[in-house]
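J.: Need a 3D model of the sequence below.
(6 chains, ligands or ions: 12)
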Amino acid sequence: MSKTFRRKLDLKAGRVDMSHGAGGRAMAELIAAIFKDAFGNELLEQGNDQASFPTPAGGRMVMTTDGYVVSPIFFPGGDIGSLAVHGTVNDLAMAGAKPLYLSASYIIEEGFPLGDLKRIADSMGAAARAAGVLIVTGDTKVVDRGKADGVFISTAGVGVVPDGLALSGDRARPGDRVIVSGSMGDHGVAIMSSRENLTFETEILSDSAPLNGLVEAMVTAAGPHLRLMRDPTRGGLAATLNELAHQSGVGFRIVEDHIPIKRQVAAACELLGLDPLNVANEGKLVAVVAAEAAEALVAAMRSHPLGADAAIIGEAVEDDQRFVQMTTGFGGGRIVDWLAGEQLPRIC
Amino acid sequence: MSKTFRRKLDLKAGRVDMSHGAGGRAMAELIAAIFKDAFGNELLEQGNDQASFPTPAGGRMVMTTDGYVVSPIFFPGGDIGSLAVHGTVNDLAMAGAKPLYLSASYIIEEGFPLGDLKRIADSMGAAARAAGVLIVTGDTKVVDRGKADGVFISTAGVGVVPDGLALSGDRARPGDRVIVSGSMGDHGVAIMSSRENLTFETEILSDSAPLNGLVEAMVTAAGPHLRLMRDPTRGGLAATLNELAHQSGVGFRIVEDHIPIKRQVAAACELLGLDPLNVANEGKLVAVVAAEAAEALVAAMRSHPLGADAAIIGEAVEDDQRFVQMTTGFGGGRIVDWLAGEQLPRIC
Amino acid sequence: MCLAVPALVTELLPDNMAKISLDGVSMTISVALVKNVAVGDYVIVHVGYALSKVDPDEARRTLDLLDEARGVPLAVGAAR
Amino acid sequence: MCLAVPALVTELLPDNMAKISLDGVSMTISVALVKNVAVGDYVIVHVGYALSKVDPDEARRTLDLLDEARGVPLAVGAAR
Amino acid sequence: MKYVDEYRDGDKARALAAAIAAEVRPDRSYAFMEFCGGHTHAISRYGIEDLLPKNVRMIHGPGCPVCVLPIGRIDDAIRLARRPEVTLCTYADLMRVPASGGLSLMKAKAAGADIRMVYSSLDAIRIAEANPERQVVFFAIGFETTTPPTAVALKTAEAKDLKNFSIYCNHVLTPVAMRAILDRTPTPDEPPIAIEGFVGPSHVSTIIGMEPYRVFARDYRKPVVIAGFEPLDVMYAILMLVRQVNEQRAEVENQYIRAVRTEGNPVAIDLCDEVFELRDSFEWRGLGVVPRSALKLRDAYAFYDAEKRFTVETQPAEDNPACECGAILRGQKRPADCRLFGTVCTPETPTGACMVSSEGACAAHWTYGRFRHHQTDAGLRKSA
Amino acid sequence: MKYVDEYRDGDKARALAAAIAAEVRPDRSYAFMEFCGGHTHAISRYGIEDLLPKNVRMIHGPGCPVCVLPIGRIDDAIRLARRPEVTLCTYADLMRVPASGGLSLMKAKAAGADIRMVYSSLDAIRIAEANPERQVVFFAIGFETTTPPTAVALKTAEAKDLKNFSIYCNHVLTPVAMRAILDRTPTPDEPPIAIEGFVGPSHVSTIIGMEPYRVFARDYRKPVVIAGFEPLDVMYAILMLVRQVNEQRAEVENQYIRAVRTEGNPVAIDLCDEVFELRDSFEWRGLGVVPRSALKLRDAYAFYDAEKRFTVETQPAEDNPACECGAILRGQKRPADCRLFGTVCTPETPTGACMVSSEGACAAHWTYGRFRHHQTDAGLRKSA
Ligand code: SF4
Ligand code: SF4
Ligand SMILES: [Mg+2]
Ligand SMILES: [Mg+2]
Ligand SMILES: [Mg+2]
Ligand SMILES: [Mg+2]
Ligand SMILES: [Mg+2]
Ligand SMILES: [Mg+2]
Ligand SMILES: [Mg+2]
Ligand SMILES: [Mg+2]
Ligand SMILES: [Mg+2]
Ligand SMILES: [Mg+2]
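T.: Residues are numbered from 1 along each chain as shown, chains lettered A, B, ... in the order given. Ligands and ions are numbered 1, 2, ... in the order given. You can find the predicted model right below:
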């Protein structure tokens, strides 16, 4: 883009207005000043409405997308920009893929501070570099005030699964072990603690992180014994295990005492009447692995910083009802169900 | 997905509420009832958070994304669902790619009618089938009322460019011919005519259409003589030609009388004080082609239904100022510039 | 300034409003400022109001005046 | 019903409000319903209000009562 | 968490389970009602049923203010929220409760009503202060526990001279409901009401103390043990009930001595007396109309009464006649005995009161306990 | 488009161009001002400059109401829009006009002010009817053309008894501004004001007729030819001006006979007389303060006057001193003579009045004509 478009945006006090989305020079300026530097890579610089890259050699490809509408946009431990990279990288990694390329579609509410937009784009670019992926193409739309909530980002990603690796939610078999890579509920509690209408405070940070490095170590350690992985995001561990139970046609039995949960997360859930197993994570995974490889896999995970608290929490069982059952720390048994409705503070 | 999740959504009077985005059973039901059938294909049915498909053999790959925030959501000649396919398919096709796979990220405002959502998803699915692409993965988020505008869709797409074909916005050379595939401004005028606050009426339909079939015919006809293609969407023909001029480092000279513009589009622009060259298209392309292949290319385009009105409108010229100049129908000359600010009705 | 377009009155509506048409584009405007507007008239439309009627005879006469200039050979290249 | 949690009072604030802490989670609540709340007290917190103080001696006594049941061998499998 | 974790200890639970098993008489069965949803929740969530002898049966009572709120009152709240000038503030628990016509507060919000979820009644005060042009109505529900916070909010609004704040009062009374259950005369084709004692309310009792339960011991000869909500509290209270039954005692005992005083909380009691008075009668979902079982604002506070400010007139709304909530709440039936359970009626699509919140008997069984049903009775209900 | 396309015919244009070329005297030059932005736009958009002999020079006048509105009045409008109770309705043309402090209506809207773009003053009435709780202010601008629609809106509001509608009146008068240009005494170091005749307003004249221009012919000896906005109209009017100059006549002629009557539009004139009266003076961007050049609401309609309802007090705001608009509007300089042109000052970031709307002299040159500059003078302004 030639310097004709390069004009100083007021990143301190300026705001996005409708002209920044109208396809004219103001939009070109916005993209040049905010996104090009933040994401900077040769593929993006092509400046076409699409990015072109060599077809990967071999393997299978995977593609995923997620919309990011997190509120607040900046939260303890991350922001919507880094989250939009981690979430999509993780969905690719969960298939055992090496994440390669991301696209980023920004929907921005008129009035959004340009400085915040730059901060988000920079964070997104940094997260992509840290995860080893390139943001190769993007889009920017501006909508009237009151027709969005600051900024939404939809990220899509593609990656390549090495030949011979086949992970899928339908591959859990009775006897397989269920592993989580670390403590549950950190992201959701961090987000709730930063919401204006909930007046509690914690030092919990979101666990938002890219899991592709951890996954690489896991694939190396467990090879074909690894059945599947999934990141327990919205709906938390409970939703993920129920999904997997239905996909694989098995039940799960897990042990409450084996599930890592931080003290403050447990306390926040207690105050708000929530179950930490329903609370979202953004840097954790659930893996199902053949029993014989479980211990080795956990050991390998623990030697990666993002798997330091990895633990076997249970196993898959035969169950035509596909229940997720849990032995409580108290010694009883119960179902771990999907959350009904939205996750909200309860009084009773 | 087992029938446990299959519950009758009230598609007649029901509305999306926050529980449909919370990662629980209500969300699974929504996806099952609305998206699975509409998009139905085996890759989507995998039910993972990502879709897996064979790595294409040979060629180069392209990836693109666009956010769709069109208002109104249903407009003459299309809706946000079909548009979200056409726009992304077209961005892939503009690189000469065969579009293969799409992802769809829905951001839905609480309260959106379920019936409308189904209509949009069905339209999106039908558009994908007509364009020969698969929607392989998706995501649904629900935001509070007043924090979105009905529904936004961000679509990403990947495709493969055959070996030997290299189209890019920087490849126009002086002497090359500029071709448009049909009349300019139909989409923008159709959208404006359906806006509540603008009280005019026309029978103009949006031109929203997938151009990959036309592009295939063009590549066959012009082969390596074809330099580049671009779809003149936001900002219209004026923005596209200015972008291309800057990317290629050339000027363009076009002839107003050669640019196809429908009578009603011209009239609507006259009433509103707009220039049809700034008005968006969603089923048209601009191509730049070596002079010697221009006539043959236009002939090939005209034999395709979406190129019936194709016309050579001008040529690339040497110009270190990268101006897009136009000979007016009246006989004078003028610059065709980017639109400053947003496209709005003018009184003067 | 004062963007305005001549358009055909196709229908008179209550409250001094009228429907106009311009090459297939129709719009509802106010005719409160012009007396005796009738269907078939052309009016000059500005910000949703008719400002005056177009006089077809005078329009013809203007074109005739323009035509007077015809026949004079075009001095190609002399412009500027 | 009546979800409530015992939490430590860490600070008294104006207007009958107080800051409480539960394992690193803090919150500002009303102590308008409980007399003589002091920093260091544990209070039962419900919908942002303290309902009563926790009596540490009685808490200890409850645990002692529970411990009385210890030593009795667990009838494994007898449950249900 | 201090005063929490100690009462969730698995080893002590097993010891207590053994003690209960040792003390129950094998030749008879025991049936106790835990009135409170909090107890129901603890029993389900911690799997206490698995730790109890087979001949000790827990009956899940109506002690969830969300569950027992009749549909008509939710309809009223939706009508209030739909008024263009009104912002309705509600505890989140109420959002999904089904109202007439397939509605709920969540759906009404989706359809455009201005409904805000609050954690505390003081949040509603803050919203009223921040939006002086709006009429902020606080949807007050709850037993004696949640009533004093509503009273504080009212007094705060008065002190701040807030003109745009009012209360839609739905506070109900625990002991009256307990009596209503015992007072029912079963119809000839109904099983008898089998309650032999109560696990008494935990946090309700922090407010009202022990006195209000004496009537059950004295007049009905039913032992009552006030118990905390932690699982060891519940188990110990059951042990205390077993002992009373075995010893043929009927007393009001207090297991939750660390938080409940005999006299309750006099500050809260006095404040509630000042602000509220008894309604002549009130409808309870599952129990029907119960005389003098609920509160309304006194005339002195009529200004803050949303029912007066907006002239709310509750329309009667029918429950699904196939719903067995009433019998379940009286211990005459179990959730799985209802033919709607798990098919038509689930936590996502609750038909009756007991499925509405996770503390309802049916919801607790569905959410935490239905695997037992399949283990023991797999053929019965394949579709669940 | 009937009555449009006929007047855009390229063949006729070339014939007319030849006629003009034939009639101009090679030994002298001609300088005419087209007062109206509509004419400026037509000249630029259709490339009429390319069709005129080199010795006919068009001076682009101040006839764009958006361009000449002083910054202080936009500041006022933003202050109005920022009032929490106010919804400001504006023609879209004003949205991007720069105000003080880097603001504009578009940016004020982005920052939260309730600003709606309307196509017609009647849209503002509709918005006021639909939002009775809002104070709807119509930001009225325009010359005599756009003034009667504002008057109709006011009378409509009166008829509908709309209490929440008011008008922020910025209507200005064409002939007064034309006089102000001619009346200026150039300073010693200024080039003379070279206007030899006017292409007279097109749609303004449909309202005011021909009479108000007589003064220019009679007192200033400047020919005036009222012309339509189509390119052939403009060219023919130029031919008529060339003829008057050649024949040393100074008359008011009407090229736009199909729409302009000698007496104008009496209905509109009477209505405006009823509603508006002259302001003592008004500031024009580029021209400075001009006495009796603008309108305000009469006292009888004070109720509808936003300046009275909200006590607007316009603060003076400085234009960039490097801006050459004034000299450009008087024909003393050309856009490219300004050192800000195309660098600091572009249509996206307009510094002066002439760059504000596409009808301003500088914006028209930038948007449609700057290639000429590069053709003839390529070295001068590489950065543009
Ligand atoms: S399952 Fe539903 S319908 Fe049946 S008793 Fe329980 S709440 Fe009522
Ligand atoms: S270019 Fe800009 S600053 Fe210069 S005279 Fe024109 S409007 Fe004024
Ligand atoms: Mg995904
Ligand atoms: Mg995801
Ligand atoms: Mg995932
Ligand atoms: Mg795009
Ligand atoms: Mg794209
Ligand atoms: Mg696109
Ligand atoms: Mg997703
Ligand atoms: Mg494109
Ligand atoms: Mg309301
Ligand atoms: Mg305002």
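
J.: how about residue A:76, what does it touch?
T.: Neighbour list for residue A:76: A:190, A:193, A:194, A:203, A:204, A:205, A:206 [criterion: C-beta atoms under 8 Å, 6 or more residues apart in numbering or on different chains]. Glycine gets a C-beta too; all of them are placed from N, C-alpha and C.

J.: mind running it again at 10 Å?
T.: With contact set as C-beta atoms under 10 Å, 6 or more residues apart in numbering or on different chains, residue A:76 has these partners: A:186-187, A:189-191, A:193-194, A:201-206.

J.: what do you get for residue A:267?
T.: By C-beta under 10 Å, 6+ apart, the residues touching residue A:267 are A:189, A:200, A:202, A:204, D:5, D:7, D:21-26, E:1, E:4.

J.: returning to that earlier point: just the buried subset of the contacts of residue A:76, please.
T.: Those of the contacts of residue A:76 that meet the buried threshold are A:186, A:187, A:189, A:190, A:191, A:193, A:194, A:201, A:202, A:204, A:205, A:206, by 16 or more other C-beta atoms under 10 Å in any protein chain shown.

J.: Just send these back as TSV, with pLDDT too.
T.: Formatted as TSV, those follow (pLDDT from 0 to 100):
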residue	pLDDT
A:186	97
A:187	97
A:189	95
A:190	95
A:191	94
A:193	91
A:194	91
A:201	91
A:202	93
A:204	95
A:205	97
A:206	97
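
J.: Which ones among the residues you listed also lie next to ligand 8?
T.: Among those, no residue is within reach of ligand 8 (C-beta under 5 Å from the ion).

J.: Just send the residues you listed back as CSV, with distance to chain F and secondary structure too.
T.: Shown next, in CSV, are these (distance: C-beta to the nearest C-beta, whole Å; DSSP: H, G, I helix; E, B strand; the rest coil):
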residue, distance to chain F, secondary structure
A:186, 34, helix
A:187, 31, helix
A:189, 31, helix
A:190, 28, helix
A:191, 25, helix
A:193, 27, helix
A:194, 22, coil
A:201, 29, strand
A:202, 32, coil
A:204, 32, coil
A:205, 31, coil
A:206, 29, coil
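
J.: Would you mind listing the two of these that lie farthest apart?
T.: Largest separation among these by C-beta to C-beta: A:187 and A:201, giving 16.5 Å.

J.: Show me which of the buried ones among the contacts of residue A:76 is closest to residue F:267.
T.: Nearest to residue F:267 out of the buried ones among the contacts of residue A:76 is residue A:194 (C-beta to C-beta; 62.5 Å).

J.: What separation is there between that closest one and residue D:23?
T.: Relative to residue D:23, residue A:194 is positioned 19 Å away (criterion: C-beta to C-beta, to the nearest Å).

J.: beta partners for residue A:178?
T.: residue A:288, residue A:314 (DSSP bridges).

J.: How many residues are close by it?
T.: Residues within reach of residue A:178, counting by other C-beta atoms under 10 Å in any protein chain shown, total 27.

J.: correct me, but it touches residue A:325?
T.: No - using C-beta atoms under 10 Å, residue A:178 makes no contact with residue A:325, being 11.9 Å away.

J.: Overlap of the contact sets of these two?
T.: A:252, A:253, A:254, A:314.

J.: Output those residues in TSV, with neighbour count appended to each entry.
T.: Listed next are these as TSV, based on neighbours: other C-beta atoms under 10 Å in any protein chain shown:
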residue	neighbour count
A:252	27
A:253	19
A:254	21
A:314	25
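
J.: got a pLDDT number for the residue of chain C found nearest ligand 1?
T.: Nearest residue of chain C to ligand 1, counting by C-beta to the nearest ligand atom: residue C:28, 55.1 Å away. pLDDT for residue C:28: 96.

J.: Relative to residue F:120, how far out is it?
T.: Distance, residue C:28 to residue F:120, using C-beta to C-beta: 10 Å.

J.: how many neighbours does residue 43 have?
T.: You didn't say which chain, so I picked chain A. Residue A:43: 17 surrounding residues under other C-beta under 10 Å.

J.: Chain C is the one I meant
T.: Applying other C-beta under 10 Å, we find 25 residues neighbouring residue C:43.

J.: Residue F:227 versus that one, what's the distance?
T.: Going from residue C:43 to residue F:227 by C-beta to C-beta gives 19 Å.

J.: what residues are up against the closest residue to chain F within the stretch 151-300 of chain A?
T.: Residue of the stretch 151-300 of chain A nearest chain F, by C-beta to the nearest C-beta: residue A:151 (13.5 Å). Counting by C-beta under 10 Å, 6+ apart, residue A:151 makes contact with A:16, A:68-70, A:73, A:80-81, A:84, A:106-109, A:112, A:116-117, A:120-121, A:140.

J.: go again using 7 Å as the cut-off
T.: Contacts for residue A:151 were tallied using C-beta atoms under 7 Å, 6 or more residues apart in numbering or on different chains; they are A:73, A:80, A:106, A:107, A:108, A:109, A:112, A:117, A:120.

J.: Burial check on residue A:257, number of neighbours?
T.: Look at residue A:257: counted by other C-beta under 10 Å, it has 13 neighbours.

J.: Correction: the previous question concerned residue E:182.
T.: Look at residue E:182: counted by other C-beta under 10 Å, it has 16 neighbours.

J.: pretty sure it is touching residue E:220, no?
T.: Yes - counting by C-beta atoms under 7 Å, a contact exists between residue E:182 and residue E:220, whose distance comes to 5.5 Å.

J.: Could you pull out the residues contacting both of those two?
T.: With C-beta under 7 Å, 6+ apart, residue E:182 and residue E:220 have no common neighbours.

J.: Give me the distance between the closest residue to residue C:39 other than its chain neighbours and ligand 5.
T.: Spatially, and ignoring its direct neighbours in sequence, residue C:39 is nearest to residue C:9 (5.5 Å; C-beta to C-beta, 6 or more residues apart in numbering or on different chains). According to C-beta to the ion, to the nearest Å, residue C:9 and ligand 5 sit 61 Å apart.

J.: do residue A:226 as well
T.: Plainly put, residue A:226 is 16 Å away from ligand 5 if you go by C-beta to the ion.

J.: ok, residues contacting stretch C:35-43?
T.: So stretch C:35-43 is in contact with C:6-12, C:18, C:20, C:31, C:34, C:50, C:52-54, F:2-3, F:267, going by C-beta under 7 Å, 6+ apart.

J.: What's the mean pLDDT across it?
T.: Mean pLDDT, stretch C:35-43: 97.

J.: Also stretch E:371-384?
T.: Mean predicted lDDT for stretch E:371-384 stands at 45.

J.: With stretch A:220-229 instead?
T.: 97.

J.: buried sites along that stretch?
T.: Buried residues in stretch A:220-229, counted by 16+ other C-beta under 10 Å: A:221, A:222, A:225, A:226, A:227, A:228, A:229.

J.: Between all of these, which two are separated the most?
T.: Pairwise across the buried residues of stretch A:220-229, and taking C-beta to C-beta, the largest span is found between A:221 and A:228, at 15.3 Å.

J.: in the helix ranked longest in chain A, what's buried?
T.: Ordering each helix of chain A by length in residues (DSSP state H) puts helix A:114-131 first. By neighbour count on 16+ other C-beta under 10 Å, the buried set for helix A:114-131 is A:114-125, A:127-128, A:131.
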